[in-house]
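**Student:** need the 3D shape of this:
(one chain, ligands or ions: 1)
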Amino acid sequence: MTTLFERLKEAAGQEWLNYTDHVFIQQMEAGTLPPEVFKEYLIQDYRFLVQFARAYALQAYKSRTMADIQIASKGLADVIHETDLHVKRLETGWGVSRQQIESTPEAWTNVAYTRFVLDAGSSGDLLDLVVAQAPCAIGYAEIGERLKPALEANPEHPYAEWIGEYSADWYQQVKVETISHIDALAARTFTEERFSELAEIFTTATRMEAQFWQTAFDLAAANA
Ligand SMILES: Cc1ncc(CO)c(N)n1
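**Tutor:** Numbering: from 1, shown residues only. Predicted coordinates:
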């Protein structure tokens with residue numbers, strides 16, 4: 001059976017590729033991504049994950065069952081784990097402290113993306129919110145899977161840690177869980193009339209994921 005996620009991804013069309021096959025990903029795969037670009041990405045991503053943790057907290061608030069609260073709670077815990085890895089990497093790689101990360105201005109594209117997700121959840125129901133968050137978790141798992149062969153071919157790959165994180169079993173599991181969560185919620189509240197609205201939420205979040213990579217290049221160029 002086609003999952004609702006597959007339908008949403010198909011509706012996003014080229015935008016999904018613009019995100020998962022962005023030049024940032026191509027350069028990361030080739031190991032040619034400039035370290036300054038990666039650094040700007042990590043700093044913004046930490047700021048992103050703060051808001052994304054709030055989105056999982058909002059999932060819990062929008063839940064009516066303990067099972068849904070448990071899923072939200074696990075998502076929240078996974079995000080905290082991810083931010084710890086970012087902080088460690090920024091500290092050891094560039095001597096950037098958590099305090100410095102937190103005092104770096106949030107890129108406006110980052111503001112747009114995260115507040116869009118939170119608004120989709122505030123104005124909508126749990127399905128709207130999980131769909132708004134789906135490009136994030138599922139897209140990174142797809143990217144991790146795609147870059148895994150580059151890591152296997154070269155264990156000394158400059159982005160080995162990042163690729164290892166998102167290609168790891170635990171992260172691939174996040175993808176599987178998110179897809180089935182969407183379907184479980186859809187079984188309760190999805191009607192065909194809702195599809196175009198959900199597709200718009202999904203595609204908008206996907207567009208902003210692509211822009212997130214671009215922002216890292218823009219910030220590195222501005223700082224050069
Ligand atoms: C921008 C962005 N999207 C998705 C993920 C995956 O959690 C992340 N860390 N950052």
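**Student:** got the buried residues for stretch 66-74?
**Tutor:** Buried residues in stretch 66-74, counted by 16 or more other C-beta atoms under 10 Å: 68, 71-73. Glycine gets a C-beta too; all of them are placed from N, C-alpha and C.
**Student:** what is the subsequent helix or strand relative to whichever strand or helix holds residue 60?
**Tutor:** Using DSSP states H and E, residue 60 sits in helix 35-61. Using DSSP H and E, the next helix or strand after helix 35-61 towards the C-terminus is helix 66-94.
**Student:** any idea how far the most centrally placed residue in the chain lies from residue 127?
**Tutor:** Nearest to the mean C-alpha position of the chain, counting by C-alpha atoms, centre = their mean, stands residue 136 at 2.6 Å. Taking C-beta to C-beta, to the nearest Å as the measure, residue 136 and residue 127 are separated by 16 Å.
**Student:** what does residue 78 give?
**Tutor:** For residue 78 relative to residue 127 (C-beta to C-beta), the value is 20 Å.
**Student:** repeat for residue 183
**Tutor:** Distance of residue 183 to residue 127, given as C-beta to C-beta: 10 Å.
**Student:** more crowded one of the two?
**Tutor:** A count of neighbours by other C-beta atoms under 10 Å puts residue 127 above the other of residue 183 and residue 127, at 22 against 15.
**Student:** setting the sequence-adjacent residues aside, check what's closest to the more buried one.
**Tutor:** Closest residue in space to residue 127, ignoring its immediate chain neighbours: residue 185 at 4.3 Å, by C-beta to C-beta, 6 or more residues apart in numbering.
**Student:** how about the CA coordinates for the helix or strand harbouring the one you found, as CSV?
**Tutor:** Using DSSP H and E, residue 185 maps to helix 169-189. The C-alpha trace of helix 169-189 is given here as CSV (Å, rounded to 0.1, in the frame of the first residue of the first chain):
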residue,chain,number,x,y,z
ASP,A,169,20.5,2.2,12.2
TRP,A,170,19.0,4.3,14.9
TYR,A,171,18.5,7.2,12.5
GLN,A,172,17.2,4.9,9.7
GLN,A,173,14.7,3.7,12.3
VAL,A,174,13.5,7.3,12.9
LYS,A,175,12.6,7.4,9.2
VAL,A,176,10.6,4.1,9.5
GLU,A,177,8.9,5.3,12.7
THR,A,178,8.0,8.7,11.2
ILE,A,179,6.4,7.1,8.1
SER,A,180,4.3,4.8,10.1
HIS,A,181,3.4,7.6,12.6
ILE,A,182,2.0,9.6,9.7
ASP,A,183,0.0,6.6,8.5
ALA,A,184,-1.3,5.9,12.0
LEU,A,185,-2.5,9.5,12.4
ALA,A,186,-3.9,9.6,8.8
ALA,A,187,-6.0,6.5,9.7
ARG,A,188,-7.7,8.6,12.3
THR,A,189,-8.0,12.0,10.8
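**Student:** my read is that residue 33 contacts residue 159, right?
**Tutor:** Yes - the pair residue 33 and residue 159 qualifies as a contact (C-beta atoms under 8 Å) at a distance of 6.9 Å.
**Student:** looking at these two, which is more packed in?
**Tutor:** More crowded of residue 33 and residue 159, by other C-beta under 10 Å: residue 33, with 22 against 19.
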